[in-house]
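In: Predicted model, plus sequence, below.
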Amino acid sequence: SHMFSSVHDRINWIEMKSDDCKIYVQIIDESRDSGNKNWHNFQENLSPRIHYGISLQTGGLCMPDAAVITPLHVLYLAGVISILAVMIMRLDTPLVCIFFLFLIGAVGLGSVVGGIQTVFNASLFAAREFMEIIATIALVTALSKCLGELGSDQLIAAPVKRVMKTPSAAWWTLGIFMFLVSLFLWPSPAVALVGAVLLPVTLKAGLSPLLAAMAMNLFGHGFALSWDAVIQGAPAVSASAAGISASLLLTEAGPVFLTMGIVTALAAFILNKKEISGQSAAARKAGGILSGSRQESDQREKQQSGKEPGESLPDRSRKSAAAIMAVLVPLAFLTDILIMLSRNLSGGEATSIVSGTAAALMCLGSVLGFGRRSLKKVTSYLTDGFLFAIQIFAPVIVIGAFFFLGGNGITSILGEKFQTGILNDWAVWLASHAPLNAHMAAFLQIIIGGLTGLDGSGFSGLPLTGAMARTFGAATGASVPCLLYTSPS
């Protein structure tokens, strides 16, 4: 016999072979005190549904020879194809996801009421899975709002401005600085911060606005967001849909990410080197106009309020608060990185450190810069942060709700009688009936990721690419993390 360890640590399987059938006996460990394994609650499972894991004897992936495809599986596959078609047309998909959630629930549970309940239960399950990263993005965005209002962003970027002497230096400096800021503040808040501070200097160096935007997006929404090693937002969404941990995804797919990022950045620079290197008079003029308009705006603010731009109403303490925060913020996040490395923290533990640090810095900056008004300011920053996070994740929650039915989430959503995800069943069926290998799986993953990224964001496609990577990985034995990072969405 072989012992199998499933996705969950508490569930194991023993396969007992005979001439005419295979019997899978489930062993549930209800208590593991001090490392002692007390096994009980044996139950026979003669269902042909899929239960697979790692054989302790062979070390390989073991699964039944076939999977039963039911009308529920066909309906789910129709939903996946429909969602993909809507994405290709660059339309929003939540309506399609809700429709198929209702149909699958009605068919699976045998009633219209079951379909209605499935829509809510699946959405609630997805919201719980994503809540950690929603809160993280909200708190980090709140910190960026505070830094921008204090003026600390200007001080943090001041040393970078001195390097931007030529268009080439400006392109690389802008991109690398955008990458670093995006790792800690996420790309969308970083665009506003970096663009407002460095864009005039970049244009004055001779870089055109289009090339500046290219550098910011490649290094921010491309390079930093696809890796996202600090906040772990995108990896968490993909990993949840794929049934793996975000830390495993970041570790195993690291070489794929580095290759993608470095090749993309170098290719963009080489292909545009002639235009980047050329001293653009128009860009310099645009930079002068942008800088001049900002100075005029600051001058008008000073004339209207009788204060220097950026100073608080009661006093002039905001300048000192901005200087303190400009030094404290980089040091605090650097300390976070050192703590993560020294304690070998990853996943939710690492994310909680970054989120807690962002919240503490936001509160400290508000108190230093606004005094008594800090109570109101903190509320305002948190409101803006959570509004921003919910705006991003509202559709992702509904889309993820549908694709969680493809994995282990199906048990929590539809009930105990559904023990394996629908896409898992398709994975075994494909492995038995289709000539699918790891290379073909990677190619299909690239195509699917590219199509789901046509909406310009790609974030809504992460649950789909995660679920498909899990399916292809189970069917071919390919690395699920590597398959995820072959998806360009």
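Out: Structure received.

In: quick one: the strands in the protein?
Out: 2-5, 11-17, 22-31, 38-45, 53-55, 61-62 (DSSP state E).

In: low pLDDT regions in the stretch 251-400 of the chain?
Out: Applying pLDDT under 70 to the stretch 251-400 of the chain flags the ranges 278-316, 346-347.

In: Look up how far residue 277 lies from the spatially most central residue of the chain.
Out: Nearest to the geometric centre of the chain sits residue 234, at 0.9 Å (C-alpha atoms, centre = their mean). For residue 234, the distance to residue 277 equals 33 Å [C-beta to C-beta, to the nearest Å]. From N, CA and C alone the C-beta is placed, and that goes for glycine too.

In: about what we covered before: ok, the residue nearest to the centre of the chain to residue 130 distance?
Out: 11 Å.

In: Residue 163 now?
Out: Residue 163 is 38 Å from residue 130, where distance means C-beta to C-beta.

In: Residue 117 now?
Out: For residue 117, the distance to residue 130 - C-beta to C-beta - is 20 Å.

In: So which of these two has more stuff around it?
Out: Comparing residue 117 with residue 130 by other C-beta atoms under 10 Å, the one with more neighbours is residue 130, at 20 against 17.

In: ok now do the more buried one, which residues does it touch?
Out: 236, 237, 240, 393, 396, 397, 400 (C-beta atoms under 8 Å, 6 or more residues apart in numbering).

In: Inside helices: which ones of these?
Out: Under the assignment DSSP state H, these contribute 236, 237, 240, 393, 396, 397, 400 to helices.

In: Can you get me the start-to-end distance on stretch 237-251?
Out: End-to-end distance for stretch 237-251: 16 Å, by C-alpha to C-alpha, to the nearest Å.

In: neighbouring contacts of that stretch?
Out: Outside stretch 237-251, the residues within contact range by C-beta under 8 Å, 6+ apart are 7, 129-130, 133, 227, 229, 232, 235-236, 346-347, 350, 396, 400, 403-404, 406-408, 421, 459, 462-467, 469-470, 473, 480-481, 484-485.

In: quick check: mean pLDDT across the lengthiest helix in the chain?
Out: The longest helix of the chain (DSSP H) is helix 112-150. For helix 112-150, mean pLDDT is 90.

In: Just checking the distance from it to the centre of its chain.
Out: 12 Å (C-alpha atoms, centre = their mean, to the nearest Å).

In: can you list the weak-confidence ranges in the stretch 51-200 of the chain?
Out: 51-67, 189, 192-193, 196.

In: Could you report the neighbour count for residue 200?
Out: 21.

In: what separates it from residue 369, distance-wise?
Out: 24 Å.

In: circling back: greatest separation within the contacts of residue 130: which pair is it?
Out: Pairwise distances among the contacts of residue 130 were taken by C-beta to C-beta; the largest, 13.1 Å, belongs to 236 and 397.
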